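Chemist: I'd like to go over a predicted model; first the sequence, then the structure.
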2 protein chains.
Amino acid sequence: MQSTVVQCLAAAHTDAMPLETSKPASIPLHYPAGTVLFRPGDACAGFVVIRSGAIRVSLTGVNGREITLYRVTAGEVCLQTFRCLIEGRDYGAEGIAESDVIGEIVPAAVFQACLANDCAFRNALFLAVAHRFADFEARVEDIALASLEVRLARALLNLAGPRTVVAATHETLAHETGSGRAAISRQLGHMVRMGWIEQARGSITLNDRAALQSLAKGDG
Amino acid sequence: MQSTVVQCLAAAHTDAMPLETSKPASIPLHYPAGTVLFRPGDACAGFVVIRSGAIRVSLTGVNGREITLYRVTAGEVCLQTFRCLIEGRDYGAEGIAESDVIGEIVPAAVFQACLANDCAFRNALFLAVAHRFADFEARVEDIALASLEVRLARALLNLAGPRTVVAATHETLAHETGSGRAAISRQLGHMVRMGWIEQARGSITLNDRAALQSLAKGDG
DNA sequence: AATCGTGTGTGACTTTGTCACCGACAGCGC
DNA sequence: GCGCTGTCGGTGACAAAGTCACACACGATT
């Protein structure tokens, strides 16, 4: 017996395909953008399967500084949630719905049962976890070793995706790069002077994608 | 049929118990301290089970700056290796034997077979991975959000363990904290002036453990 | 003793995080 | 239109920390 949750996870490797799950005990989930799904110290309600939308998982230090660890979108596994369920411990980071999130939540008990009995489920989960971990590690390399200029270029390209205009405030970019708003402001100013980007209130236009990409590649 | 590898992994949760494995196809492994076990770009030979010793896994940026991601000791899983085997990709970090490492290596094919057929093995691996990931996440929080003073205090306490004297050069501590040697030198100088530690060539004596611990706890 | 490699201290400079403040802009009610 | 308010962005000033360069101390070797 293979649950459809497995198919959802399997989809994570092929690509971002909308998820399907009809696990009998799963609870529908629908949060509007901006909802805080979990905070450090919260107990984990269950395994979250996202059908659409994105969750931003971030850490906040005592000084109020915040950094985005990763995003979870359709077909992906939240490492935080995974860890909590496996270890039976509370969340250690914060999760916020970045856009409207629709999906299902598989209660912890059901998740544990799947884990214990359903080898296909475990297999799929392994792959998903490995993938997410790989991303996460790249993120760490970024944070620990790259200069602000490089991190910012990467964040811009990342947030832009195929589009040319990024809807992001300096504050957003500061969180994205684990930096401060003022530093971002200056760095963006430099990029504008170089002719790489244009700024408007709440959005940034990428004029010279190639320049940004060469920055992003070159590490630093 | 439950392989003894499972027992090894299971031991990881109880605590650091020397590993045992007699998987027929596993290859004995013995590297002296200082050996580079893998570098970024290397293909993954197989799943490493450590019986004694420690492996330090680190990242190096283009500028030569290096940072320790984590250590793998008896009973623990190397997340790098795990990821490589599951995803079938090359290593993304460097692994160096910090002390003499004795253990076995389970060839990739055998590992895959275990993964496919042995549910108990998978279960144990899940737990081990979750634990390692939790540690790793704490490390990220450290790197991204803590001040140098705090990171250094933590590194000292961490390397000291129960002992009072830490055998580490400033260079070592710089890698440990993802910082530079000069910064460490100054910071240690400050700690000496505060009477918290004493320095000698290649070693540091902790005189006021409580002060360091309060620093380490207070985040920053 | 001379030499070399490694470990450590320090000054100078740059980058970046932090704080504070101000001006610009948009939305809103009046 | 007018002022109020909240968010956004620019900038100066300062502090923390990374970077570079150089000097010296110590130990081992020749």
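Modeler: Yep, it's here.

Chemist: alpha carbons only for contacts and neighbour counts from here, please
Modeler: OK.

Chemist: A strand includes residue A:62, no?
Modeler: No - Residue A:62 is assigned coil when assessed by DSSP: H, G, I helix; E, B strand; the rest coil, not a strand.

Chemist: Name the next helix or strand following the helix or strand bottoming out on mean pLDDT in chain A along the chain.
Modeler: Ranked by mean pLDDT, DSSP states H and E, the helix or strand of chain A with the weakest confidence is helix A:4-14, at a mean of 48. Per DSSP states H and E, the first helix or strand lying C-terminal to helix A:4-14 is strand A:27-31.

Chemist: and that following strand, which strands flank it?
Modeler: strand A:101-107 (antiparallel) (DSSP bridges).

Chemist: Please compute how far the strand it pairs with lies from its chain's middle.
Modeler: Computed by C-alpha atoms, centre = their mean, to the nearest Å, the chain-centroid distance of strand A:101-107 equals 16 Å.

Chemist: and the next element down the chain from that strand?
Modeler: helix A:108-117.

Chemist: Please report phi then psi for residue A:38.
Modeler: Dihedral pair for residue A:38: phi -160, psi 150, per degrees, to the nearest 10.

Chemist: typed the wrong thing, it's residue A:136
Modeler: Residue torsions, per degrees, to the nearest 10, at residue A:136 are phi -60, psi -40.

Chemist: check contacts around it.
Modeler: Counting by C-alpha atoms under 8 Å, 6 or more residues apart in numbering or on different chains, residue A:136 touches A:69-70.

Chemist: ok, and for stretch A:53-68, which residues are buried?
Modeler: For stretch A:53-68, the buried set under the neighbour-count rule, 16 or more other C-alpha atoms under 10 Å in any protein chain shown, comprises A:53-60, A:65-68.

Chemist: What residues does chain A have near chain B?
Modeler: A:59-63, A:65-67, A:82-83, A:86-87, A:115-116, A:119, A:122-123, A:126-127, A:130-131, A:133-134, A:140-141, A:143-146, A:178, A:219-220 (C-alpha under 8 Å from any C-alpha of the partner chain).

Chemist: What subset of the residues you listed is buried?
Modeler: For the residues of chain A next to chain B, buried by 16+ other C-alpha under 10 Å: A:59-60, A:65-67, A:82-83, A:86-87, A:115, A:119, A:122-123, A:126-127, A:130-131, A:133-134, A:140-141, A:143-146, A:178, A:219-220.

Chemist: out of the residues you listed, which touch DNA strand C?
Modeler: Here is what survives when these are matched to DNA strand C using C-alpha under 7 Å from any atom of the strand: A:65, A:178.

Chemist: Looking at the buried ones among the residues of chain A next to chain B, which are in helices?
Modeler: A:82-83, A:86-87, A:115, A:119, A:122-123, A:126-127, A:130-131, A:133-134, A:140-141, A:143-145 (DSSP state H).

Chemist: Quick check: the farthest pair among the buried residues of stretch A:53-68?
Modeler: A:53 and A:65 (25.2 Å; C-alpha to C-alpha).

Chemist: Name the residues of chain A found near DNA strand D, please.
Modeler: Residues of chain A lying near DNA strand D (C-alpha under 7 Å from any atom of the strand): A:168-171, A:182-183, A:185-186, A:188-189, A:199-203.

Chemist: mind redoing it with 10 Å?
Modeler: Residues of chain A lying close to DNA strand D by C-alpha under 10 Å from any atom of the strand are A:144-147, A:167-174, A:180-190, A:192, A:198-204, A:220.

Chemist: So what does the closest residue to residue A:108 other than its chain neighbours look like in phi/psi?
Modeler: Using C-alpha to C-alpha, 6 or more residues apart in numbering or on different chains and skipping the chain neighbours, the partner closest in space to residue A:108 is residue A:46 (4.2 Å). Main-chain torsions, residue A:46, degrees, to the nearest 10: phi 170, psi -180.

Chemist: any residues touching whatever helix or strand residue A:152 lives in, and which ones?
Modeler: Using DSSP H and E, residue A:152 sits within helix A:148-160. Helix A:148-160 is contacted from outside by A:142-143, A:166, A:173, A:176-177, A:179, A:184, A:187, A:209, A:212-213, A:215-216, A:218-220, using C-alpha under 8 Å, 6+ apart.

Chemist: now do 10 Å
Modeler: Applying C-alpha atoms under 10 Å, 6 or more residues apart in numbering or on different chains, the contact partners of helix A:148-160 are A:139, A:142-143, A:145-146, A:163-168, A:173-174, A:176-179, A:183-184, A:187-188, A:190-191, A:204-206, A:209, A:211-220.

Chemist: Export only the CA atoms of that helix, formatted as PDB.
Modeler: The C-alpha trace of helix A:148-160 is given here as PDB (Å, rounded to 0.1, in the frame of the first residue of the first chain):
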ATOM      1  CA  LEU A 148      28.000  41.000   0.800                       C
ATOM      2  CA  GLU A 149      28.200  42.000  -2.900                       C
ATOM      3  CA  VAL A 150      28.100  38.400  -4.000                       C
ATOM      4  CA  ARG A 151      25.400  37.400  -1.500                       C
ATOM      5  CA  LEU A 152      23.300  40.300  -2.700                       C
ATOM      6  CA  ALA A 153      23.800  39.500  -6.400                       C
ATOM      7  CA  ARG A 154      22.700  35.900  -5.700                       C
ATOM      8  CA  ALA A 155      19.700  37.000  -3.700                       C
ATOM      9  CA  LEU A 156      18.600  39.300  -6.500                       C
ATOM     10  CA  LEU A 157      18.900  36.700  -9.200                       C
ATOM     11  CA  ASN A 158      17.300  34.100  -6.900                       C
ATOM     12  CA  LEU A 159      14.300  36.300  -6.100                       C
ATOM     13  CA  ALA A 160      13.900  37.400  -9.700                       C
END
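
Chemist: That one near DNA strand C at all?
Modeler: Yes - contact of helix A:148-160 with DNA strand C (C-alpha under 10 Å from any atom of the strand) involves A:148-152.

Chemist: Generate a PyMOL selection restricted to the buried subset of those.
Modeler: Buried members of these, defined by 16+ other C-alpha under 10 Å, are picked up in PyMOL with:
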select buried, chain A and resi 148+149+150+151+152
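
Chemist: So, low pLDDT: which residues of chain A?
Modeler: Where chain A drops to pLDDT under 70, the residues are A:1-24, A:219-220.

Chemist: Could you pick out the residues of it near DNA strand C for me?
Modeler: So chain A meets DNA strand C at A:61-66, A:143-152, A:174-175, A:177-187, A:200-202, A:220 (C-alpha under 10 Å from any atom of the strand).

Chemist: let's see it at 7 Å
Modeler: A:63, A:65, A:147-149, A:178-184.

Chemist: Can you pull the phi and psi angles for the residue lying closest to residue A:196 once chain neighbours are set aside?
Modeler: Computed as C-alpha to C-alpha, 6+ apart, the closest residue to residue A:196 that is not its neighbour in sequence is residue A:208, at 4.6 Å. Torsion angles at residue A:208 (phi, psi; degrees, to the nearest 10) stand at phi -130, psi 80.
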